[in-house]
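**Q** Have a look at this fold, sequence not included:
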């Protein structure tokens, strides 16, 4: 039913019965409206209604044409926005609790039982202004939202997110993608986890009265996070062409520039023709991490912007084996080398087989990390949130130390963090076999958003050693 509904909404105005798709006629998706005449049947000029009966309108135009217009000729049909929003919510296993149609014909708002908002754009006279108004409403609410547009693309919407810094709060989606509920559910899960973590930390730190504090302290995620959060939808909607990975590559580079020291505009597309990873970053500081040395890490990043990372076709010889060999040979004699893939999703269980093909090329302290896009969004959102980032620093002194276990094999596999290794991504077939294979490969770390959230929450709920030092000042 998605195609006929999209076609119906695409009219952007009440239409005669002949313009209603046949599949929708006599269904709950269509509502009948009696529309007053606005044009003269004779000359097309504007009209005023001089009289009205049960069956007709008497109208006069500016040219003094007097005409009778039967009400049966003024029956038009519009989408049932109530039915549409409730069905969309049902696809996501939630319920609509209230619908606000005060902004029609531009858009309609649906509040849901899961503390997020649905915005459905219908007939905006000025599309850009309507999107801006929706963003303003979403920011004021401070809840994850889905913005559904009848247009086939979302690129222009994503660009507007820069102006409003809405970050992960709003996921734009063309109506044609509504049937792909898993894609939207994944977004909602990630966005809600980030928002919940933010709220929990503020409540823990400042109590219940946080409204004014939120306005002063909470940092709105920036343009980088806006793009990062929408890359998967852009790919799914065909707005990123096959084989075009520059958007994810450049955005991931910008993220790592915030998190760790890195050299921008090198590698990947920037060094076309050379056998280099997309990005290289460095983690180092003096000191130790509990009982495990806080050794330096060189991160070699390769981004895969396809719908599923097809590790089966990823070459080892002459590409990735050169990456890791060059790391040891040219510049990095000591410490760990993290061979990292940033992926939207993984086809089957192929990261296992790719790891086994790469294993002979790994020297001591070399290992493979598969970092999902949702995990990178979660890490970066925590970094940009002043309240969450500060809470992590009170525990671990700085942000890179806080996320260090997610990039260091020995720390990730240590007794303190072994619970993270047992948080697995979902696979379609033989999940128990997959989990056992992963546990048997300590050199393979699969980091998704659930792993990141569990780690961040554990740190926040743990003893804040730095806070104890700072608190002595106020005694």
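**A** Yes, it's here. These numbers were taken from a predicted model, which means no experiment stands behind them. Numbering: from 1, shown residues only.

**Q** other SSEs contacting the biggest helix by length in the chain?
**A** Counting residues, the longest helix in the chain under DSSP state H turns out to be helix 181-206. Helices and strands touching helix 181-206, as assessed by 3 or more C-beta pairs under 8 Å, 6 or more residues apart in numbering; DSSP states H and E, comprise strand 145-149, strand 170-174, helix 211-217, helix 223-236, helix 373-384, helix 386-396, helix 449-461. Placement of C-beta: from N, CA and C, glycine included.

**Q** worst average pLDDT in these?
**A** Of all the helices and strands packed on helix 181-206, mean pLDDT reaches its minimum on helix 211-217 (a mean of 42).

**Q** Any buried residues in stretch 40-60, and which?
**A** Neighbour counts over stretch 40-60 (16 or more other C-beta atoms under 10 Å) mark 40, 47, 56-60 as buried.

**Q** Let me know the closest of those to residue 436.
**A** Using C-beta to C-beta, residue 57 comes nearest to residue 436 of the buried residues of stretch 40-60, at 74.8 Å.

**Q** in which helix or strand would I find the closest one?
**A** strand 56-61 (DSSP states H and E).

**Q** For that strand, the averaged confidence score.
**A** Rounded mean pLDDT across strand 56-61 is 93.

**Q** Now do residue 310, the pLDDT please.
**A** Confidence score, pLDDT, at residue 310: 85.

**Q** re earlier: among the buried residues of stretch 40-60, pick out the one closest to residue 379, please.
**A** Closest to residue 379, out of all of the buried residues of stretch 40-60 and judged by C-beta to C-beta, is residue 47, at 60.9 Å.

**Q** How about the secondary structure of that closest one?
**A** strand (DSSP: H, G, I helix; E, B strand; the rest coil).

**Q** what does stretch 344-356 contact?
**A** Contacts to stretch 344-356, defined as C-beta atoms under 8 Å, 6 or more residues apart in numbering, come from residues 231-232, 235, 248, 304-312, 314, 316, 341, 368, 370, 372-373, 425, 427-430, 434, 437-438, 441, 443-444, 446.

**Q** brain fart, stretch 50-69
**A** Here stretch 50-69 has contacts from 36-37, 39-43, 45-49, 70-72, 74, using C-beta under 8 Å, 6+ apart.

**Q** Next up, the contacts around residue 188.
**A** Contacts of residue 188 (C-beta under 8 Å, 6+ apart): 92, 114, 116, 144, 146, 171.

**Q** Quick check, the fifth one in contact with residue 177.
**A** No: distance between residue 146 and residue 177: 10.5 Å, which falls outside the contact criterion (C-beta atoms under 8 Å).

**Q** Need the residues touching each of these two.
**A** Common neighbours of residue 146 and residue 177, counting by C-beta under 8 Å, 6+ apart, are residue 184.

**Q** Residue 22 - how many residues pack around it?
**A** When neighbours are defined as other C-beta atoms under 10 Å, residue 22 has 8 of them.

**Q** The residue nearest the centre of the chain: what's it in contact with?
**A** The chain has residue 229 as the residue nearest its centroid, 3.2 Å off, counting by C-alpha atoms, centre = their mean. Neighbour list for residue 229: 167-168, 171, 187, 191, 377 [criterion: C-beta under 8 Å, 6+ apart].

**Q** and what of residue 381?
**A** Residue 381 makes contacts with 167-168, 194, 221, 225, as judged by C-beta under 8 Å, 6+ apart.

**Q** Can you lay out those as a markdown table showing neighbour count and distance to residue 357?
**A** Below are the contacts of residue 381 laid out as a markdown table (neighbours: other C-beta atoms under 10 Å; distance: C-beta to C-beta, whole Å):
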| residue | neighbour count | distance to residue 357 |
| --- | --- | --- |
| 167 | 26 | 37 |
| 168 | 24 | 35 |
| 194 | 29 | 35 |
| 221 | 23 | 37 |
| 225 | 27 | 34 |
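
**Q** Do you have the helices of the stretch 251-400 of the chain handy? List them.
**A** With DSSP state H, counting those that start in this stretch as the criterion, the stretch 251-400 of the chain has helices at 321-326, 350-358, 373-384, 386-396, 399-403.

**Q** and the first one, average pLDDT?
**A** Taken as a whole, helix 321-326 has an average pLDDT of 91.

**Q** Name the residues that touch that helix?
**A** 275-277, 300, 302, 337, 339, 358, 361-363, 366.

**Q** ok, of those, which come out buried?
**A** Here, 16+ other C-beta under 10 Å leaves 276-277, 300, 302, 337, 339, 358, 361-362, 366 buried among these.

**Q** show me where pLDDT drops low in the stretch 151-300 of the chain?
**A** Where the stretch 151-300 of the chain drops to pLDDT under 70, the residues are 162-163, 165, 205-223, 242-244, 264-274, 285-293.

**Q** Try it again at 80.
**A** 161-168, 179, 181, 195, 198-199, 201-224, 226, 240-245, 263-275, 285-294 (pLDDT under 80).

**Q** Now residue 363. Nearest residue, chain neighbours left out?
**A** Nearest non-adjacent residue to residue 363, counting by C-beta to C-beta, 6 or more residues apart in numbering: residue 328, 5.8 Å away.

**Q** Would you map the strands across the stretch 251-400 of the chain?
**A** For the stretch 251-400 of the chain, applying DSSP state E, counting those that start in this stretch gives strands covering 279-283, 288-289, 292-293, 297-304, 336-343, 366-372.

**Q** could I get the ones you listed as a markdown table with distance to residue 464?
**A** Shown next, in a markdown table, are these (distance: least, C-beta to C-beta, whole Å):
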| stretch | distance to residue 464 |
| --- | --- |
| strand 279-283 | 22 |
| strand 288-289 | 16 |
| strand 292-293 | 20 |
| strand 297-304 | 25 |
| strand 336-343 | 27 |
| strand 366-372 | 27 |
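
**Q** Return the most buried member of the helices of the stretch 251-400 of the chain.
**A** helix 373-384 (a mean of 25; mean count of other C-beta atoms under 10 Å).
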